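Student: Quick one: sequence and predicted model below, then my questions.
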Amino acid sequence: MLPICRNVALVATMFLIANVFGQGIPEDRYADEADRAKSLLRKAVDHYQENGEKAIAAFSRQGEFMDDELYVYVIDTEGIMLASGGPSANLIGRDVSQALNDDLNKGFKEALALPPSDTIHHADYRWQNWQDGREERKRVFFQRVDDKIFSVGYYMPRSSEGEAKALLNNVVEAVKENSQQTFERINKLDAEYLRDDLYAFVVDRETQRFIAHGYNLRLVGSDFRKLHSADRHPIGNQILEAAAQSGSGRIPYLWPNPVTRKNEPKVTLFEATDSYIVAVGYYLDEEQ
């Protein structure tokens, strides 16, 4: 029963977040996945509009309405899961709203009440990736047709350079405003400073030691000069030297991705204040 409730809550979260994100898609590195997802969604909607109710069963079968890791799922405006080509197939026939508290139900039903249209909405949420078993960030595109909502989504295990820059700027301003409170929040893995594969770390320029780390707390207090990349480059010294020369910049190296749990190419952006070096990195696709 617990896995079912978990999936129900995540489905509801998708629609709650949709109200926050609206229609505009921020620039990201998943343009190809977005195009494929919207194409599969349009294909599913067209199939339903051409064949009516008998089309629904096709979305729960392997084949025509799957594109590698992408699949279609359909919920009606009463909150019933009608079809799914993915792991949420165990919810088919269930009223997902029955397992939600009042707050979740309110947002869920508001989303289900969206009028039928040609508009494709979108949302970001977290879901277990059935390929690697890890909970990852996912973006879904959905459209209401008649009394049904058709959806297709894709996983986003890597954040963009723009997202890394935004987090870096946020942390730098927070350090300037209240450094000790910011360090405590980073070391407590506060969600404000830990977003999937994005996290911040801070180095004391005087002691040249980690004073905060948003993912690996074992590094806090350790000598930053001794830090080496996964392919043994002295990245600690490289960042210290670059910060002393220019005050800000970027360093590429190989480092474990906390989402994929693989060593991947990474670019760390850093900015020096009077007393600290603040850094946030983003991971590159292996082919980049």
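Tutor: Sure, I can see it.
Student: Which secondary structure state is assigned to the spatially most central residue of the chain?
Tutor: Nearest to the geometric centre of the chain sits R137, at 2.9 Å (C-alpha atoms, centre = their mean). Under DSSP: H, G, I helix; E, B strand; the rest coil, the three-state class of R137 is strand.
Student: Is it in contact with E163, as I believe?
Tutor: No. Using C-beta atoms under 8 Å, R137 is not in contact with E163, being 10.7 Å away. In this view, the C-beta of every residue, glycine as well, is placed from N, C-alpha and C.
Student: what are the ranges of the helices in this protein?
Tutor: 2-21, 31-51, 102-112, 161-177, 179-187, 235-246 (DSSP state H).
Student: Just put the ones you listed in JSON lines and tack on mean pLDDT.
Tutor: Below are the helices of the chain laid out as JSON lines (pLDDT from 0 to 100):
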{"stretch": "helix 2-21", "mean pLDDT": "45"}
{"stretch": "helix 31-51", "mean pLDDT": "95"}
{"stretch": "helix 102-112", "mean pLDDT": "71"}
{"stretch": "helix 161-177", "mean pLDDT": "95"}
{"stretch": "helix 179-187", "mean pLDDT": "97"}
{"stretch": "helix 235-246", "mean pLDDT": "95"}
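Student: between those, which gets nearest to G153?
Tutor: helix 31-51 (6.4 Å; C-beta to C-beta).
Student: Pull out the buried positions in that closest one.
Tutor: Neighbour counts using 16 or more other C-beta atoms under 10 Å place 33-34, 36-38, 40-45, 47-48 of helix 31-51 among the buried residues.
Student: what packs against that helix?
Tutor: strand 66-67, strand 70-76, strand 135-145, strand 148-155 (3 or more C-beta pairs under 8 Å, 6 or more residues apart in numbering; DSSP states H and E).
Student: May I have it exported as PDB, CA atoms only?
Tutor: Provided in PDB are the C-alpha atoms of helix 31-51 (Å, rounded to 0.1, in the frame of the first residue of the first chain):
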ATOM      1  CA  ALA A  31      15.400  20.700 -25.600                       C
ATOM      2  CA  ASP A  32      15.500  17.400 -27.500                       C
ATOM      3  CA  GLU A  33      13.700  15.600 -24.700                       C
ATOM      4  CA  ALA A  34      11.100  18.400 -24.500                       C
ATOM      5  CA  ASP A  35      10.500  18.100 -28.300                       C
ATOM      6  CA  ARG A  36      10.200  14.300 -28.100                       C
ATOM      7  CA  ALA A  37       7.800  14.500 -25.100                       C
ATOM      8  CA  LYS A  38       5.500  17.100 -26.800                       C
ATOM      9  CA  SER A  39       5.600  15.100 -30.000                       C
ATOM     10  CA  LEU A  40       4.500  11.900 -28.200                       C
ATOM     11  CA  LEU A  41       1.800  13.900 -26.300                       C
ATOM     12  CA  ARG A  42       0.400  15.300 -29.500                       C
ATOM     13  CA  LYS A  43       0.400  11.800 -31.000                       C
ATOM     14  CA  ALA A  44      -1.500  10.400 -28.100                       C
ATOM     15  CA  VAL A  45      -4.000  13.300 -28.200                       C
ATOM     16  CA  ASP A  46      -4.500  12.900 -31.900                       C
ATOM     17  CA  HIS A  47      -5.000   9.100 -31.500                       C
ATOM     18  CA  TYR A  48      -7.700   9.700 -28.900                       C
ATOM     19  CA  GLN A  49      -9.500  12.400 -30.900                       C
ATOM     20  CA  GLU A  50      -9.600  10.000 -33.900                       C
ATOM     21  CA  ASN A  51     -10.600   6.900 -32.100                       C
END
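Student: quick check: angle from it to strand 148-155?
Tutor: 160 degrees (axes from the mean of the first three to the mean of the last three C-alpha atoms, to 10 degrees).
Student: Please name the bridge partners of the nearest residue in space to A44 that is not next to it in sequence.
Tutor: Leaving aside its chain neighbours, A44 sits nearest to V72 (4.5 Å; criterion: C-beta to C-beta, 6 or more residues apart in numbering). Assessed by DSSP bridges, V72 has beta-bridge partners V152.
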